[in-house]
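# My questions concern the predicted model and sequence given below.
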Amino acid sequence: MRNSIVAFIILLIITSCSAQNKAYQISDGMIQIHDLFNASTNDSVACYRIPAIVTAPNGDLIATIDERVPSCGDLKWSKDINIVMRRSEDNGKTWSVIESIVDFPFGKSASDPSMIVDQITKEIFLFYNYMNLDTEKDIYYLHVMKSADNGKTWSEPKDITSQIAKPEWHGDFKFITSGRGIQTSNGKLLHCMVNLNSGMHLFGSDDHGETWFLIDTPIAPADESKVVELVDGSWMVNARGNDKKGVRYIHTSSDEGKTWTTKAEPQLTDPGCNASIVRYTAIKDGYTNNRLLFANANSEKGRKNMTVRVSYDEGKTWSDGKTIYKGPSAYSSLTVLKNGDIGLFFEKDEYTANVFTSFSLEWLTDGKDRYEEPKKK
């Protein structure tokens, strides 16, 4: 009897620890998954959606997401959406408690977080879309705030709508794409904003976020998009299409967004969903290869089959990729960890869970490639 009681207590302890850490194994038993935001553990929240993750200048991981309180509805349908955050100081092995970083009074909501890390000033910029549903329903405003201490504290929000959107767009359905923007090799900050009436546009800053400007060249077809800088200095936008053709669209510019060339990319099947693309390594930075990483719900129809691919020729061709999770999966956000591993934060099981996983380049490529520290210049 005593042995049974002891065994039962041990089982309770293990179960409790597992529930708190939310870590479990999937995908060939090789990847550890941490469920960072799950509404089933919080009776006051309907759901968490729209993940965004970056690696801070000091190597910490910053994961942000919508906390959708009354329902899982998007910004224009919810009077209470907040932006919340968790942080990891050990490459995603453990995480801090959930903390709120944007929380307006009921009737005002913030949604779709995204971030840019300025490696020169060591600041992190957090963007989101804002709406006052009591006084200006369906009017979207675009906000930014920043952190100078690796995401521990944040500045007051700043409205940059007038800087990056035209006055005649006031009533348009416009929003900054969730996930992340970039800093180019010349220090420019660059990000994507969608106007469903006039096309997707890039916006940026040449003074480390003091002021922002619109690049007034519409890009189409393109809904939620991500931009990367190629090694030759040109820009490439990887875009979601909503035309039900089941592929991504690629837009490239060699003149900093003044003109664009566009093509459908049949290598990257997609159901019409936000995805993620990041620079992993570049030869000019001392690495052995140029590498880009891409993550999405790899399916022509239905949001499922979260997959990560690698390209060694600046997006001209892609690997078949490796499935991270075969089941329902949607929005995703990639980052490169300070130890060279790859971090992925994505929506899992029809928005029930929002999970973080990390893995090595060697695992992703089945041993064909591995991360090496860059050679000193």
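Happy to help now that I have it.
# all strands of the stretch 201-350 of the chain, in order?
Assigned by DSSP state E, counting those that start in this stretch, the strands in the stretch 201-350 of the chain fall at 213-219, 225-229, 235-239, 247-253, 261-269, 276-281, 291-297, 304-311, 322-336, 342-348.
# Tell me which of the ones you listed lies nearest to residue 194.
strand 225-229 (7.2 Å; CB to CB). To be clear about C-beta, it is placed using only N, CA and C from the backbone, and glycine gets the same treatment.
# and the closest one with strand 322-336, angle?
Relative orientation of strand 225-229 versus strand 322-336 (axes from the mean of the first three to the mean of the last three CA atoms, to 10 degrees): 60 degrees.
# want to try a markdown table for the strands of the stretch 201-350 of the chain, with mean neighbour count as columns?
Output for the strands of the stretch 201-350 of the chain, formatted as a markdown table (neighbours: other CB atoms under 10 Å):
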| stretch | mean neighbour count |
| --- | --- |
| strand 213-219 | 16 |
| strand 225-229 | 23 |
| strand 235-239 | 23 |
| strand 247-253 | 21 |
| strand 261-269 | 15 |
| strand 276-281 | 22 |
| strand 291-297 | 25 |
| strand 304-311 | 22 |
| strand 322-336 | 22 |
| strand 342-348 | 25 |
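# would you list these in a markdown table and tack on distance to residue 206 and mean pLDDT?
Formatted as a markdown table, the strands of the stretch 201-350 of the chain follow (distance: least, CB to CB, whole Å; pLDDT from 0 to 100):
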| stretch | distance to residue 206 | mean pLDDT |
| --- | --- | --- |
| strand 213-219 | 8 | 98 |
| strand 225-229 | 15 | 98 |
| strand 235-239 | 15 | 98 |
| strand 247-253 | 17 | 98 |
| strand 261-269 | 24 | 98 |
| strand 276-281 | 20 | 98 |
| strand 291-297 | 25 | 98 |
| strand 304-311 | 29 | 98 |
| strand 322-336 | 25 | 97 |
| strand 342-348 | 29 | 97 |
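# can you redo those as JSON lines with distance to residue 364?
Shown next, in JSON lines, are the strands of the stretch 201-350 of the chain (distance: least, CB to CB, whole Å):
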{"stretch": "strand 213-219", "distance to residue 364": "29"}
{"stretch": "strand 225-229", "distance to residue 364": "18"}
{"stretch": "strand 235-239", "distance to residue 364": "18"}
{"stretch": "strand 247-253", "distance to residue 364": "19"}
{"stretch": "strand 261-269", "distance to residue 364": "16"}
{"stretch": "strand 276-281", "distance to residue 364": "10"}
{"stretch": "strand 291-297", "distance to residue 364": "8"}
{"stretch": "strand 304-311", "distance to residue 364": "6"}
{"stretch": "strand 322-336", "distance to residue 364": "5"}
{"stretch": "strand 342-348", "distance to residue 364": "7"}
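# So residue 372: helix, strand or coil?
coil (DSSP: H, G, I helix; E, B strand; the rest coil).
# Would you mind giving both backbone torsions of the closest residue to it other than its chain neighbours?
Distance criterion CB to CB, 6 or more residues apart in numbering; nearest residue to residue 372, sequence neighbours excluded, is residue 288 at 6.1 Å. Main-chain torsions, residue 288, degrees, to the nearest 10: phi -80, psi -20.
# Residue 288: neighbour count?
Around residue 288 there are 13 other residues, counting by other CB atoms under 10 Å.
# Read off the pLDDT value for it.
Per-residue pLDDT puts residue 288 at 96.
# just residue 46 next, same as before
97.
# for residue 14, same thing?
34.
# again, but for residue 34
On pLDDT, residue 34 comes in at 94.
# surely it meets residue 92?
Yes: between residue 34 and residue 92 there is a contact under CB atoms under 8 Å: 6.7 Å.
# Overlap in contacts, the two.
Here residue 34 and residue 92 share the contacting residues 356, 357, scored by CB atoms under 8 Å, 6 or more residues apart in numbering.
# Name the helix or strand for residue 363, please.
helix 361-364 (DSSP states H and E).
# name the helices or strands packed onto that helix?
Here helix 361-364 touches strand 304-311, going by 3 or more CB pairs under 8 Å, 6 or more residues apart in numbering; DSSP states H and E.
# Flag the shaky bits of the chain, pLDDT-wise.
Within the chain, the segments meeting pLDDT under 70 span 1-31, 377.
# Can you tell me the closest non-neighbouring residue to residue 132?
Nearest to residue 132 is residue 108, by CB to CB, 6+ apart, at 5.0 Å.
# residue contacts, the one you found?
79, 130, 131, 132, 133, 134.
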